[in-house]
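**Student:** could you work out the structure for the sequence below:
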Amino acid sequence: MQELIPKAHEPITPFVDKVRPLYQDYGVSTVLVMGGSGDYFEAADRVIWMNDYRPVLVTREAREIAQKFPVQRLQEGGSGFGEITARQPQAEAFDPSLGRREVRIDAKGMQTILYG
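**Tutor:** Have a look, this model is predicted:
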C-alpha cells in the first residue's frame, strides 16, 4: 500500500508504526488478538498462539520468522508516539435508556456499575 499511496496523501499512521513508541514513551502494552498480524513480529515482546483455545508461547519462532522475512515497509510513525491529548467524556453522551427501554442502573459490588 505504501508504494501505491504516498505518505503525503495518507493521513492515517499504521498502528504497527506506533506500537513500540507507545510502550517506550508511555509504558502502555498492547495485546492484539487477530489473524494476519505478522507485521507485528518485529515489535512484539511476546507472541502467543491460541491453539484450540490453549495459549502456546511462540515468541522464539516468531522472531526467527521476522529475521527470515524482514518487514519491507517504511516506518511512518516518527521517533516517538506523540502527545496524548487529555479527554473527558461529555455527560450528554451517556444515555442509559437504550432507546425506549426502561432505564436500568445497578451496582455490582464495590467496583462495577451497570449503566443502561
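**Student:** list the contacts of residue 65.
**Tutor:** By CB atoms under 8 Å, 6 or more residues apart in numbering, the contact set of residue 65 is 38, 41. (C-beta placed from N, C-alpha, C; glycine too.)
**Student:** gap between it and residue 47?
**Tutor:** Going from residue 65 to residue 47 by CB to CB, to the nearest Å gives 9 Å.
**Student:** next one: residue 64
**Tutor:** Distance, residue 64 to residue 47, using CB to CB: 11 Å.
**Student:** hang on, the earlier thing: any residues in contact with both of residue 65 and residue 47?
**Tutor:** The contact sets of residue 65 and residue 47 overlap at residue 41 (CB under 8 Å, 6+ apart).
**Student:** give the lowest-confidence helix or strand of this protein, using mean pLDDT as the measure.
**Tutor:** The weakest-scoring helix or strand in the chain, judged by mean pLDDT, DSSP states H and E, is strand 113-115 (a mean of 84).
**Student:** quickly run through the sheet partners of it, with directions.
**Tutor:** Sheet pairing of strand 113-115 (DSSP bridges) gives strand 105-107 (antiparallel).
**Student:** how far does the strand it pairs with sit from the chain's center?
**Tutor:** Computed by CA atoms, centre = their mean, to the nearest Å, the chain-centroid distance of strand 105-107 equals 30 Å.
**Student:** heads up, I number from 31, so please use that
**Tutor:** Taking 31 as the first residue, the last one we looked at is strand 135-137.
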